[in-house]
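A.B. asks: Model the following, please.
(2 chains)
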Amino acid sequence: NAGVTQTPKFQVLKTGQSMTLQCAQDMNHEYMSWYRQDPGMGLRLIHYSVGAGITDQGEVPNGYNVSRSTTEDFPLRLLSAAPSQTSVYFCASSYRFSGLPPLTQYFGPGTRLTVL
Amino acid sequence: GQQLNQSPQSMFIQEGEDVSMNCTSSSIFNTWLWYKQDPGEGPVLLIALYKAGELTSNGRLTAQFGITRKDSFLNISASIPSDVGIYFCAGQLGGSQGNLIFGKGTKLSVKP
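C.D. replies: Down below sits the predicted model:
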């Protein structure tokens, strides 16, 4: 298994540009999520999905869109990049045991985004 | 929103020493998780705690879920150079669909 993969690894954007951060997992996990990590801030949840076709907002969703058309893929779209979105973005996936909340076990290697 | 207070922010220790770090919150969590992050990598799950009072070990790591469900600690015994990294606690709220609240991390440096 490749686990959780993210592309690209690095990206530089200009203010106002849009782009999609890709995330894929090959473990058949139902639960997937996106976090951003800023210096001194820990990780903050952007959006999450409990299964194909189902997404919801996390703590810091503004400026980002997601969709989940398949179990494997969970792309994150930046609609109009701003310097405040300069960050490291992590995708994660988890098992979902019946009757229990999912456990975020596997993180991808991250995408380092700079917005000028 | 909910916050986790993780301390200390950083630690500089000698190889072989024991390490202790903790997280506290004003919120009650159903699950406590501890992660380690190496430079340039994503966090890796070390220990998951599911019940108040639970004490769980993973090799030289031991973590406990506080009785009040508002705190947790992580101990590392006999530290080695590869323990270097940033350790994060995370709490999972009940009914939250598994969403995590992360602490800001403890950066551990180990002198050989």
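
A.B. asks: so where does B:Phe29 fall, helix or strand?
C.D. replies: If you go by DSSP states H and E, B:Phe29 is not part of any helix or strand.

A.B. asks: May I ask which helix or strand encompasses the nearest residue to it once chain neighbours are set aside?
C.D. replies: Nearest non-adjacent residue to B:Phe29, counting by C-beta to C-beta, 6 or more residues apart in numbering or on different chains: B:Gly91, 3.6 Å away. Yep, even glycine has a C-beta here, placed from its N, CA and C like the rest. When secondary structure is defined by DSSP H and E, B:Gly91 falls within strand B:85-92.

A.B. asks: Run me through the strand neighbours of the following helix or strand past that strand, direction for each.
C.D. replies: Toward the C-terminal end, the helix or strand that comes next after strand B:85-92 (DSSP H and E) is strand B:100-102. Note on strand B:100-102: by DSSP bridges, its sheet partners are strand B:85-92 (antiparallel).

A.B. asks: Buried residues, the strand it pairs with. List them.
C.D. replies: Neighbour counts over strand B:85-92 (16 or more other C-beta atoms under 10 Å in any protein chain shown) mark B:85-92 as buried.

A.B. asks: which residues are in contact with that strand?
C.D. replies: Identification of contacts with strand B:85-92 by C-beta atoms under 8 Å, 6 or more residues apart in numbering or on different chains yields A:42-43, A:101, A:103-104, B:2, B:4, B:6, B:21-23, B:25, B:27, B:29-39, B:43, B:46, B:72, B:74, B:98-103, B:105-108.

A.B. asks: again, only this time at 6 Å
C.D. replies: Contacts with strand B:85-92, where a contact means C-beta atoms under 6 Å, 6 or more residues apart in numbering or on different chains, come from B:4, B:6, B:23, B:29-38, B:72, B:100-103, B:105-107.

A.B. asks: where in the chain is pLDDT low?
C.D. replies: Chain wasn't specified; assuming chain A. Scanning chain A for pLDDT under 70 picks out A:96-104.

A.B. asks: wrong chain, I was asking about chain B
C.D. replies: For chain B (pLDDT under 70), the answer is B:1-2, B:94-98.

A.B. asks: which residue of it sits farthest from its center?
C.D. replies: For chain B, the residue at maximal distance from the C-alpha centroid (C-alpha atoms, centre = their mean) is B:Pro112, at 22.9 Å.

A.B. asks: if I pick that residue, what's in contact with it?
C.D. replies: Contacts for B:Pro112 (C-beta under 6 Å, 6+ apart) come out as B:15, B:81.

A.B. asks: From B:Pro8, how far out is it?
C.D. replies: Remark: distance between B:Pro112 and B:Pro8 (C-beta to C-beta, to the nearest Å) = 21 Å.

A.B. asks: Skipping adjacent residues, who's closest to the residue in chain A positioned nearest to chain B in space?
C.D. replies: Residue nearest to chain B within chain A: A:Phe107 (3.2 Å; C-beta to the nearest C-beta). Distances taken as C-beta to C-beta, 6+ apart put B:Gly42 closest to A:Phe107, at 3.2 Å, once the chain neighbours are dropped.

A.B. asks: Now for the one you found: which residues touch it?
C.D. replies: The neighbourhood of B:Gly42, defined by C-beta under 6 Å, 6+ apart, consists of A:90, A:107-110.

A.B. asks: Which of these fall in strands?
C.D. replies: Here DSSP state E is the test, and these give A:90, A:107 as lying in strands.
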